[in-house]
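Peer 1: Have a look; sequence and predicted model below, questions after that.
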Amino acid sequence: MAADRAAPEPAPGDGARDPAVPARDGARTIGVAIPIPEPYGRRLQRRRESFGDPLATAIPTHITLLPPTTVDGAAMAGIEDHLVRIARTERAFWIRLRGTGTFRPVSPVVFVALADGIGGCEQLQARVASGPLVREPTFPYHPHVTIAHHLPEEVMDRAFKELAGYRADFEVWGFSLYEHGRDGVWRPQRDFVFGAAPGA
């Protein structure tokens with residue numbers, strides 16, 4: 001896996017917006033992601049905090065499926081229906097996190113890498129980013145878990161080295177819809193469980 005050669009899709013909270021959709025009254029900035037379950041999610045968030053990343057407390061630990069995208073609030077019902085339809089026909093799969101990677105010098109990101117589960121993420125991402133959420137990708141999709149973003153080079157190097165031996169395995173049960181608040185914090189709005197009936 002050439003993790004250091006592909007540029008990332010920006011993760012929810014990594015400061016990106018979809019420039020194709022102008023800001024306006026009633027607009028909402030959303031993202032869709034696979035949440036990293038406990039205890040791994042909180043531990044990785046604490047590690048990100050320890051590197052001094054100011055985004056650490058504003059972004060739940062995740063694997064991006066849809067980067068920050070500004071949509072009309074009136075479109076949200078259709079977007080949620082779209083996500084329900086996807087979740088109903090998907091099945092759980094396993095992700096294995098192993099070690100670190102980086103997108104430098106293309107993008108100032110250090111991340112925990114996926115050793116298994118990349119195909120499952122790619123399939124899910126392609127389905128999420130269709131229909132009402134279709135958009136022209138900025139970069140090729142590369143699933144990852146950000147642990148340091150836009151920090152001094154020496155800090156990025158330290159994050160890369162300190163988590164080089166990181167390991168975690170977990171089953172993906174579904175994905176979540178997030179919204180970017182006025183306070184800059186990303187919060188989950190709704191979970192979409194694989195194989196679940198509408199409204200579940």
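Peer 2: Structure received.
Peer 1: now do the same end-to-end measure for stretch 159-171.
Peer 2: With Cα to Cα, to the nearest Å as the measure, stretch 159-171 spans 25 Å from end to end.
Peer 1: got it, and stretch 129-141?
Peer 2: 11 Å.
Peer 1: Same question for stretch 32-39.
Peer 2: Note: stretch 32-39 ends 21 Å apart using Cα to Cα.
Peer 1: what does stretch 47-61 give?
Peer 2: 11 Å.
Peer 1: residue boundaries of the helices in the chain?
Peer 2: Secondary structure of the chain (DSSP state H): helices located at 40-50, 76-88, 118-128, 153-162.
Peer 1: Next, work out how far apart the residue nearest to residue 33 when sequence neighbours are not counted and residue 95 are.
Peer 2: Once flanking residues are discounted, residue 33 sits nearest to residue 62: 3.8 Å by Cβ to Cβ, 6 or more residues apart in numbering. Just so you know, the C-beta spots here come from the backbone N, C-alpha and C atoms, and that holds for glycine as well. For residue 62, the distance to residue 95 equals 12 Å [Cβ to Cβ, to the nearest Å].
Peer 1: Quick check: neighbours shared by these two?
Peer 2: Shared contacts of residue 62 and residue 95 (Cβ atoms under 8 Å, 6 or more residues apart in numbering): residue 34.
Peer 1: Tell me where the model's unsure across this protein.
Peer 2: Where the chain drops to pLDDT under 70, the residues are 1-25, 196-200.
Peer 1: Would you map the strands across it?
Peer 2: With DSSP state E, the ranges of strands along the chain come out as 27-35, 62-72, 93-102, 109-116, 145-149, 167-172, 174-180, 186-193.
Peer 1: Quick check: bridge partners of residue 172?
Peer 2: residue 93 (DSSP bridges).
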